[in-house]
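S.K.: take this sequence and fold it.
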Amino acid sequence: MAVVVGSAALALGVVVCFQGLRLLPFILPVVAFLAGAAVGAETVSLLYGIPLLSTVPSMIVAGVVGLIFVALSQPHYQTTIIALAALGGFIFASVWLTANGHAALGLSGGFALGAAAALVAALLPRVLVVSVTAALGAALVVGGVLVLGGWISVDGRGLPTAIQVPRPWVLGWIVISALGVCVQLLTSSLESTTRR
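M.R.: Predicted structure coming up:
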């Protein structure tokens, strides 16, 4: 299982890291569906006090809300990027602050980073998309290598069970992310030049 998970993560990571901007029209509906499904499942969980996706009706609600998000994302491409950036910034900041013992700042910190991410997405959408896809792709590449090397153990379902990441791999992630940004920006500028 580790070979399958590691190889899949490595292959997907290379594609996302170096071709994320070109793949955005295909990635965006998937991300919109996942975001919508998460919102739908969380809403049902909060309203009825049940675990996420623990019942068939909650799964149906999650799927329907996910499809609504996909339908809304297609005609409103730019708005979707801004909304997903805001949602990602909010989730990242609130989870990071809460996990590091600053739960009281979780909500305000989440809103602050979400607003900052939305502003960057509105002003520099191309740069944001390239940076995020390069960073995510690089994380998948490093994760795939770590799984294949035995630093990350996975169970029978492919989920990580033990993680021991050597510090030099963080530097590797930064270097691969930077390479991904450079390649994406260079290829997209070359494409726009040849179209003229």
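S.K.: can you show me the strands along the chain?
M.R.: 152-154, 160-163 (DSSP state E).
S.K.: and stretch 48-56, how far apart are its ends?
M.R.: 13 Å (Cα to Cα, to the nearest Å).
S.K.: mean confidence for it?
M.R.: The predicted model gives stretch 48-56 an average pLDDT of 78.
S.K.: tell me the gap between it and the middle of its chain.
M.R.: Computed by Cα atoms, centre = their mean, to the nearest Å, the chain-centroid distance of stretch 48-56 equals 24 Å.
S.K.: just stretch 131-149 next, same as before
M.R.: 12 Å.
S.K.: residues contacting the residue lying closest to Phe33 once chain neighbours are set aside?
M.R.: Distances taken as Cβ to Cβ, 6 or more residues apart in numbering put Gly66 closest to Phe33, at 4.1 Å, once the chain neighbours are dropped. Every C-beta, even on glycine, is put in place using the N, C-alpha and C of the backbone. Shown in contact with Gly66 (Cβ atoms under 8 Å, 6 or more residues apart in numbering): Ala32, Phe33, Leu34, Ala35, Gly36, Ala37, Gly40.
S.K.: ok, now Ala134?
M.R.: Cys17, Phe18, Gly20, Ile176, Ser177, Ala178, Leu179, Gly180, Val181, Gln184.
S.K.: neighbour-wise, which of the residues you listed leads?
M.R.: Gly180 (27 neighbours; other Cβ atoms under 10 Å).
S.K.: that one is in contact with Gly20, isn't it?
M.R.: Yes. Counting by Cβ atoms under 8 Å, Gly20 is a contact partner of Gly180 at 7.3 Å.
S.K.: please enumerate the shared neighbours of the two.
M.R.: Looking at what touches both Gly180 and Gly20 (by Cβ under 8 Å, 6+ apart), the common residues are Val130, Thr133, Ala134, Gly137.
S.K.: about what we covered before: which one of the contacts of Ala134 is nearest to Trp169?
M.R.: Lowest distance from Trp169 to the contacts of Ala134 (Cβ to Cβ) belongs to Ile176, with 10.0 Å.
S.K.: by mean pLDDT, show me the worst of the strands of the chain.
M.R.: Looking at these, the lowest mean pLDDT belongs to strand 160-163 (a mean of 60).
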